[in-house]
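Novice: Provided below for reference: sequence and predicted model.
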Amino acid sequence: MSMKKIRLTYGLAVVGSILTAVFLLFPTLSAKTPFSKQEPDSENCGVCHEDMAKIFQLTPHAANSCITCHDNPDTHLEEGGGPNIFAFAAEDLANEKSQKCLTCHSIDHARFFASPHGKSSMDCTSCHVIHMEKTMPALLKTSALKTCNICHQDVFAQFQLNERHRLQEGILTCSTCHNPHEPATRERLGGFKQESCLTCHTDKGGPFLYEHEASRIEGCTSCHEVHGSSNRHMLTHQSTADLCFSCHGVAPDWHSRFDPYSTNCTVCHATIHGSNLSKIFLK
Ligand code: HEC
Ligand code: HEC
Ligand code: HEC
Ligand code: HEC
Ligand code: HEC
Ligand code: HEC
Ligand code: HEC
Ligand code: HEC
Ligand code: HEC
Ligand code: HEC
């Protein structure tokens, strides 16, 4: 630490102690001059929460005052501590906790309350941590993948099946396709536009002269599982014929000689995602 910084810290500590002394000696005075009007900085709290204030300086929120998150500190200061200040405690309402963060983060995360997580009484601190010297990227409590798996173990299990996206290898993460802050309904994810899939599978989106309208129904997920599956190409059905006949009641008569278990319809209907040459996806 430089001399200048030491002197500054020392100076602020002295000022802090004097302020505390004033608060302790003249509770009525402090009651009349609300803390929030004095534009305090973290050093005011650091007098008593020394270690926390020190670690806080190493976090991305260092430039923010403690009271941007822990507001209404007046009683706390008058009484020299105690459970009388907003502390993101377990018993605090989830909405109230998130609202503190959203005073600043509402530009990017305003729809949080409409997300499945916001609706399930989770709040920002369910996944993020503020007071920690070393955190994962994005202030997560643990790695991004582990964060999701705490609650979605069933989904993680799908990524263990033999046909799957390579999540464990780090090629994708859950948030490649899902934004945990957004209202990410099935419709939106599996919807017609498929943006989240087409960023990588660019060839599957066309534009095609002859589009397989199956995609219009639910998009890629009308034929594919997306996390993983035991079926080839992560198809929703083990037999391709069963998949096709789940939508197509009829095919030309001569197709009846095909055995659903031995016929792979895509041997002939090879451009199953769409084609510029064949209306029936033969080439
Ligand atoms: C960006 C918001 C934010 C800021 C700014 C902030 N805190 Fe916190 N604080 C939290 C959250 C959230 C918790 C709950 C525990 C956690 O998630 O880390 C918390 C918990 C605490 C606790 C309780 C710790 C415990 O173990 O129960 C103390 C004490 C505290 N903060 C002091 C401070 C001090 C002092 C400062 C300024 C140096 C500060 N905080 C700045 C968000 C903040
Ligand atoms: C005069 C000393 C003192 C000052 C100044 C002080 N605190 Fe505290 N604070 C304490 C004590 C003592 C506790 C209770 C013991 C503990 O949990 O560490 C406490 C607890 C807390 C808690 C946890 C409350 C809970 O319900 O668990 C938070 C959050 C907190 N302080 C934030 C702040 C902030 C923000 C400031 C500055 C505005 C501040 N403190 C200033 C002494 C102080
Ligand atoms: C007073 C405004 C303010 C409040 C309140 C606030 N933040 Fe932030 N937050 C910021 C700023 C500024 C940054 C830094 C942005 C940057 O570096 O680009 C930030 C960064 C972050 C980051 C990204 C860190 C990174 O490494 O990318 C996360 C996550 C975050 N805040 C979560 C929270 C949570 C959770 C809360 C509530 C407990 C909260 N913030 C409250 C202003 C705030
Ligand atoms: C279900 C867990 C979860 C919850 C709840 C959550 N986040 Fe996040 N957040 C994440 C993950 C995971 C990332 C990293 C995203 C990535 O990998 O790109 C992230 C990233 C961020 C970032 C940094 C980059 C970005 O995408 O903007 C900010 C800021 C942030 N979250 C703020 C918040 C706030 C504010 C809340 C509450 C309103 C919140 N988060 C609730 C999991 C969560
Ligand atoms: C603390 C538990 C918890 C954590 C951690 C968590 N979730 Fe969730 N998640 C839920 C709950 C509860 C729901 C809403 C109920 C449901 O649909 O299962 C939900 C819903 C979802 C949904 C919507 C499901 C649907 O049917 O539309 C997605 C997608 C999702 N979570 C992804 C994630 C991702 C990605 C992460 C990691 C960044 C994550 N979750 C972390 C608990 C959690
Ligand atoms: C390749 C993109 C992709 C990745 C990576 C991905 N998902 Fe999904 N996820 C989707 C799509 C698309 C759906 C909608 C599926 C449907 O409607 O049939 C979905 C559905 C869900 C659902 C609700 C339906 C269900 O199966 O319960 C949850 C919860 C979920 N994902 C969580 C996660 C978690 C947690 C991870 C990381 C371990 C993850 N997802 C990784 C694309 C993805
Ligand atoms: C980040 C890039 C990325 C995104 C986004 C993505 N994928 Fe993939 N996908 C891959 C890669 C790479 C493979 C190759 C399999 C491997 O990892 O070995 C793959 C494999 C597949 C396969 C199996 C291919 C085969 O040969 O068996 C299907 C089906 C698939 N993805 C569908 C989807 C769908 C549907 C979505 C959207 C919900 C999606 N993908 C989003 C990168 C991505
Ligand atoms: C009508 C059902 C159907 C729809 C809708 C569909 N697929 Fe497929 N997809 C298949 C079939 C069947 C195969 C296997 C083809 C084969 O047998 O060679 C396949 C194979 C794949 C493969 C691996 C083989 C290759 O050609 O690379 C990927 C990747 C893929 N699909 C991605 C997607 C994406 C992304 C979407 C959404 C834009 C999508 N699929 C929509 C039926 C479909
Ligand atoms: C999710 C439903 C769905 C699935 C699964 C599906 N299709 Fe389709 N397919 C359609 C729709 C919708 C059309 C547009 C014409 C119609 O309504 O029949 C279409 C059109 C076609 C056409 C163009 C000729 C025509 O009838 O207009 C062929 C050929 C075709 N599908 C073959 C297949 C094959 C082969 C499979 C299996 C690999 C398959 N389809 C799976 C929904 C589906
Ligand atoms: C040996 C190649 C071949 C195989 C295998 C095949 N098809 Fe076809 N299919 C064709 C040809 C060629 C046509 C167009 C000729 C006709 O209408 O008789 C056609 C036409 C169709 C049509 C009607 C298109 C229209 O004009 O409306 C559907 C639906 C269809 N096939 C579905 C399937 C399904 C489902 C399977 C798997 C059980 C399958 N096909 C297997 C070659 C094949």
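Specialist: Perfect, thanks for sending it. Ligands and ions are numbered 1, 2, ... in the order given.
Novice: Tell me if I'm right that Cys268 and Leu282 touch.
Specialist: Yes - proximity of Cys268 to Leu282 meets the contact threshold set by Cβ atoms under 8 Å, at 5.9 Å. Where C-beta positions appear, they are placed from N, C-alpha and C, glycine not excepted.
Novice: Stretch 201-218 vs ligand 6: in contact?
Specialist: No - Stretch 201-218 lies out of reach of ligand 6 by Cβ under 6 Å from any ligand atom, never closer than 6.9 Å.
Novice: Give me the contact list for that stretch.
Specialist: Taking Cβ atoms under 8 Å, 6 or more residues apart in numbering as the criterion, the residues outside stretch 201-218 that touch it are 190-192, 194, 197-198, 220, 222-223, 247, 272-279, 281.
Novice: Give me the neighbour count for the closest residue to ligand 8 within the stretch 51-200 of the chain.
Specialist: Of the stretch 51-200 of the chain, the residue with the smallest distance to ligand 8, taken as Cβ to the nearest ligand atom, is Cys197 at 4.0 Å. The burial count assigned to Cys197 is 19, neighbours taken as other Cβ atoms under 10 Å.
Novice: what packs against the host helix or strand of it?
Specialist: Here Cys197, judged by DSSP states H and E, is contained in helix 195-198. With contacts defined as 3 or more Cβ pairs under 8 Å, 6 or more residues apart in numbering; DSSP states H and E, the secondary structure elements packing on helix 195-198 are helix 174-177.
Novice: Stretch 79-92 near ligand 4 anywhere?
Specialist: No - in terms of Cβ under 6 Å from any ligand atom, no part of stretch 79-92 sits within range of ligand 4; the closest distance is 11.5 Å.
Novice: how about that stretch: buried residues?
Specialist: Applying a neighbour-count criterion of 16 or more other Cβ atoms under 10 Å, the buried positions in stretch 79-92 are Ile85, Phe86, Phe88.
Novice: Understood, closing this out.
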